[in-house]
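Chemist: build me a model from this:
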Amino acid sequence: MSGADQAANEGTVAVRKGFEIDEAALARWMAENVDGDFSSLCLEQFKGGQSNPTYKLITPMKSYVLRRKPPGELIKGAHAIEREARVLSALGTAGFPVAEVYGLCTDDQVIGSWFYVMELVEGRIYWDATFPDVGREQKASYFDAMNATMAQLHRLDYRSLGLADYGKPGNYFARQIDRWSKQYLDDVDAGRDPVMDQLVEWLPANIPAGDESAIVHGDFRCDNLIFHPSEPRILAVLDWELSTLGHPLADFAYHAMMYRMPPHVVAGLGGLDLAALGIPSEADYVRTYCQRTGRDDIPGYDFYIAFNLFRLAAIFHGIKGRIIRGTAASANARDRVRAMPVITVLARKAMEMCIAV
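Modeler: Next up, the predicted model:
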C-alpha cells in the first residue's frame with residue numbers, strides 16, 4: 001500500500017457528512033451502560049473501513065471505539081455489528097487477542113442505527129505488508145506472529161466458547177460462493193464483470209474434497225492487526241464483520257493471498273524480492289501454518305486463492321454499489337473500486353492454475 005493510501009486510511013478526521021451522531025444521546029447511553037465519566041464526549045471518525053463506520057470516542061478519563069451500522073438502506077444480513085460484538089466477547093474469554101467489548105446497543109432510536117462500544121487498543125497498525133519500519137532481521141518474527149495468531153484462531157473450540165450457532169458448520173464453500181455470487185449479481189447498480197461471471201459459474205463446480213469447520217475471521221490482513229509498539233506481538237485483531245464458522249483453509253488462503261497481491265492493492269507482496277526483504281516465502285509460510293495446525297500440506301491451495309480473490313472482488317463490487325448509492329463509509333472507497341480489475345485478473349490466473357493441474 002502506498003504512503004498516500006496509508007494516509008487515506010490511518011488516523012481520524014472530523015465526523016463526515018451523513019455519518020453524524022447525536023453526542024448527547026450517545027453520552028446518555030454510555031452513562032447507563034458503560035463504566036466511566038461521560039460528562040463530556042468528543043467524536044472523531046476513523047478514516048479506514050468501507051463497511052461499518054467506526055468512531056473514536058474521547059472522554060475525560062479514556063477513549064473508546066464505536067462501530068455502527070451505516071445509515072441508509074442496507075443489504076439484508078450485511079453490517080451485522082451484533083455478531084462482531086458477540087465473537088469479540090467470546091474470543092476474549094479464550095485469551096485470543098481482541099479488544100474488550102463494553103456494550104452493545106440494538107435500539108435504532110439512540111443514534112439511528114445499532115452500534116457497540118469497545119476498548120481502544122493502543123499499538124501499531126502496518127498498512128504495508130513489507131513492514132517497512134521493521135529491520136530486516138526482525139521481519140520474519142512479525143510474519144511468524146501473524147501466522148501463529150491465525151493458527152491459534154483456527155485451533156479454538158468454537159463449541160466451548162458458546163459459538164456453535166455462530167455459523168453453519170460444513171459445506172462452507174458452496175454456501176459462501178452462493179452468498180457472494182448473489183450479492184454480486186443482485187447489486188445491479190454496480191454492473192457486471194465478465195471474469196466475475198465466469199467465476200460464478202466455475203467455482204461451485206470445482207470445490208476440493210474434504211470439509212472442516214473453525215472460527216474464521218474473513219479479513220485477516222496486517223492492516224487489521226494492532227501490533228505492540230516495539231515488539232513482534234499482536235495485541236488485537238480488528239474488523240470481525242465477515243467472521244463466521246467456516247473452512248480454516250479458506251481463511252488462511254485469504255491471508256496468504258498477500259503473496260499474490262501487488263503492493264499497491266490491499267497490503268500486497270506480489271513481485272517483490274522477499275529474500276532481500278527478510279520475508280519468508282509463500283511456500284515457507286504455508287508450511288509453517290501446516291505445522292501449527294497438524295497438516296501435511298494444503299491440496300487445492302490455488303482453488304482457495306481463486307475463491308478468496310472472487311470474494312474480495314465481490315466486496316469491492318459492493319463498495320462500488322454503495323458509492324453509486326451514496327452510502328460508502330470510507331474516504332478511500334473509490335481506490336478500492338479502481339483496484340477491482342487487478343483482483344479479477346489474479347482470480348482468473350489462480351483459476352487457470354487449478355485447471356492446468
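
Chemist: residues contacting the residue nearest the centre of the chain?
Modeler: Nearest residue to the geometric centre of the chain (C-alpha atoms, centre = their mean): Asp219, 2.8 Å. By C-beta atoms under 8 Å, 6 or more residues apart in numbering, the contact list for Asp219 reads 239, 241-242, 254. Using the backbone N, CA and C atoms, a C-beta is placed for each residue, glycine as well.

Chemist: next, the distance between the ends of stretch 11-26.
Modeler: Stretch 11-26 has an end-to-end distance of 22 Å (C-alpha to C-alpha, to the nearest Å).

Chemist: buried ones in it, by neighbour count?
Modeler: 15, 19, 21, 23, 26 (16 or more other C-beta atoms under 10 Å).

Chemist: swap in stretch 114-134?
Modeler: 114-121, 125-131, 134.

Chemist: which among the residues you listed gets closest to Phe173?
Modeler: Of all the buried residues of stretch 114-134, Phe173 sits closest to Ala129, with 25.7 Å by C-beta to C-beta.

Chemist: which residues sit against stretch 26-42?
Modeler: Contacts of stretch 26-42 (C-beta under 8 Å, 6+ apart): 23, 43, 57-62, 64, 66, 102-103, 105, 110-111, 117.

Chemist: domain map for the protein?
Modeler: Domain ranges of the chain: 3-119, 136-356, per automatic domain parsing.

Chemist: hang on, the earlier thing: and the residue nearest to the centre of the chain, how far from Pro194?
Modeler: Plainly put, Asp219 is 26 Å away from Pro194 if you go by C-beta to C-beta, to the nearest Å.

Chemist: circling back: burial-wise, tell me which of the domains of the chain comes out on top.
Modeler: The highest average neighbour count among the domains of the chain, using mean count of other C-beta atoms under 10 Å, belongs to domain 136-356 at a mean of 18.

Chemist: could the domains of the chain be laid out in CSV, adding mean pLDDT?
Modeler: What follows is those, written out as CSV (pLDDT from 0 to 100):
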stretch, mean pLDDT
domain 3-119, 87
domain 136-356, 92
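
Chemist: before we move on, the earlier item: list just the nearest of the buried residues of stretch 11-26 to Val342.
Modeler: Closest to Val342, out of all of the buried residues of stretch 11-26 and judged by C-beta to C-beta, is Phe19, at 28.5 Å.

Chemist: contacts only, for the nearest residue to that closest one once chain neighbours are set aside.
Modeler: Sequence neighbours aside, Pro53 is the residue nearest to Phe19 in space, at 5.1 Å (criterion: C-beta to C-beta, 6 or more residues apart in numbering). Residues near Pro53 by C-beta under 8 Å, 6+ apart: 19, 45, 67-68, 70, 329.

Chemist: go again using 7 Å as the cut-off
Modeler: Residues in contact with Pro53 (C-beta atoms under 7 Å, 6 or more residues apart in numbering) are 19, 45, 68, 70, 329.

Chemist: of all those residues, which two lie farthest apart?
Modeler: Maximum distance among these (C-beta to C-beta): 11.8 Å, for Gln45 and Pro70.

Chemist: strands of the protein, start to end?
Modeler: 12-13, 42-46, 54-58, 63-68, 101-105, 115-119, 214-216, 225-227, 234-237, 244-246 (DSSP state E).

Chemist: distance of Pro204 from Thr106?
Modeler: The value you get for Pro204 to Thr106, if C-beta to C-beta is used, is 35 Å.

Chemist: wait, Asn52 sits on Glu82?
Modeler: No. Here Asn52 lies out of contact with Glu82, judged by C-beta atoms under 7 Å, at a distance of 11.3 Å.

Chemist: show me which of the contacts of Asp219 is closest to Met150.
Modeler: Checking those one by one against Met150 (C-beta to C-beta), the nearest turns out to be Tyr254, at 9.8 Å.

Chemist: what sits against Ala85?
Modeler: Counted by C-beta under 7 Å, 6+ apart, Ala85 has contacts 101, 104, 116.

Chemist: make sure the first one is actually in contact with Met118.
Modeler: Yes. Checked against C-beta under 7 Å, the pair Val101 and Met118 is within contact range at 4.8 Å.

Chemist: shared neighbours, these two?
Modeler: With C-beta under 7 Å, 6+ apart, Val101 and Met118 have common neighbours Leu88.

Chemist: quick one, what contacts Tyr142?
Modeler: Contacts of Tyr142 (C-beta under 7 Å, 6+ apart): 131, 134, 232.

Chemist: and the last one, backbone torsions?
Modeler: When you say that, I think you mean Pro232. The phi/psi pair for Pro232 (degrees, to the nearest 10) reads phi -80, psi 60.
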